[in-house]
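Novice: Sequence below, structure please.
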Amino acid sequence: MVDGDLETKLRIYSLIVNRYKDLIGEKEDRSISEIRQRVSPYNDFIKNLKERFIQDMKPYDYNKHFFSATQRVINYMREIKDCEFLITFWMTFEEMEQLKAADTMDKAILMAALLRSLGSEDAKVYVTHSKRVFVGFNWNKMPYLVDPRNSGMLSGPEADNAFIKDKLSYIFSDLHFESFEED
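Specialist: Residues are numbered from 1 along each chain as shown. Got it, this is the predicted structure:
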């Protein structure tokens with residue numbers, strides 16, 4: 001096969017992935033604790049990325065700089081293409097940075113980890129019954145929700161009412177987990 005035949009190679013890779021997707025899914029399965037740990041602001045990659053965002057805000061003051069730094073995080077997230085996969089597959093933050101692509105959940109976890117590193121104790125990932133994913137936080141007593149797919153932001157009453165029709169399934173961060181699923 002000639003290296004130039006990328007379409008054929010892509011079809012073969014797709015065949016391989018589809019054939020072994022159950023095995024891949026098994027290997028990619030993560031516990032709630034493992035997923036929550038990914039939101040940690042203490043990861044070296046997250047610390048370095050945070051430093052890039054706040055380099056001109058030294059000394060960084062949460063009360064003064066958080067919202068401006070959050071805007072930089074949102075702009076950064078816009079650079080990462082949204083790619084949904086047919087299989088469960090977790091990407092590392094480094095892989096997301098390198099490829100500039102990830103699924104919505106990985107993007108949400110990255111964004112929540114960055115907001116946590118900027119000092120937001122209440123930055124969390126929100127997952128609805130229909131599997132939509134958001135990142136929420138409060139700033140100056142105002143709730144905010146960001147959609148990692150397009151980096152759109154809701155605030156105030158819009159954020160408060162976002163889950164009226166599509167109810168929440170669960171909310172998590174490295175510090176918090178809450179399930180709304182009925183047993």
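Novice: need the next SSE after the helix or strand hosting Glu95, C-terminal direction.
Specialist: Under the assignment given by DSSP states H and E, the secondary-structure element containing Glu95 is helix 93-99. Using DSSP H and E, the next helix or strand after helix 93-99 towards the C-terminus is strand 101-102.
Novice: Can you give the strand pairings for that next one, parallel or anti for each?
Specialist: With DSSP bridges as the criterion, the sheet partners recorded for strand 101-102 are strand 81-82 (parallel).
Novice: tell me how far the partner strand is from the chain's mean position?
Specialist: Going by C-alpha atoms, centre = their mean, to the nearest Å, the spacing between the C-alpha centre of strand 81-82 and its chain's C-alpha centre is 11 Å.
Novice: How about stretch 65-76?
Specialist: 15 Å.
Novice: pLDDT on it, on average?
Specialist: Per-residue confidence for stretch 65-76 averages out to 96 on the pLDDT scale.
Novice: buried stuff in that stretch?
Specialist: If you call a residue buried by 16 or more other C-beta atoms under 10 Å, then stretch 65-76 has these buried ones: His65, Phe66, Ala69, Thr70, Arg72, Val73, Ile74, Tyr76. Bear in mind the C-beta positions are built from the backbone N, C-alpha and C, glycine included.
Novice: cool, and stretch 55-63?
Specialist: For stretch 55-63, the neighbour count (16+ other C-beta under 10 Å) marks Tyr60 as buried.
Novice: Start and end of it, how far apart?
Specialist: Distance across stretch 55-63, first residue to last, is 16 Å (C-alpha to C-alpha, to the nearest Å).
Novice: still on that earlier bit, from the buried residues of stretch 65-76, which is closest to Val17?
Specialist: Within these, proximity to Val17 (C-beta to C-beta) peaks at Tyr76, which comes in at 28.6 Å.
Novice: residues contacting the closest one?
Specialist: If a contact means C-beta atoms under 8 Å, 6 or more residues apart in numbering, then Tyr76 has Leu49, Phe53, Leu114 as its contacts.
Novice: circling back to that earlier point, next step: the buried residues of stretch 65-76 restricted to helices.
Specialist: Counted as lying in helices by DSSP state H, out of those, are His65, Phe66, Ala69, Thr70, Arg72, Val73, Ile74, Tyr76.
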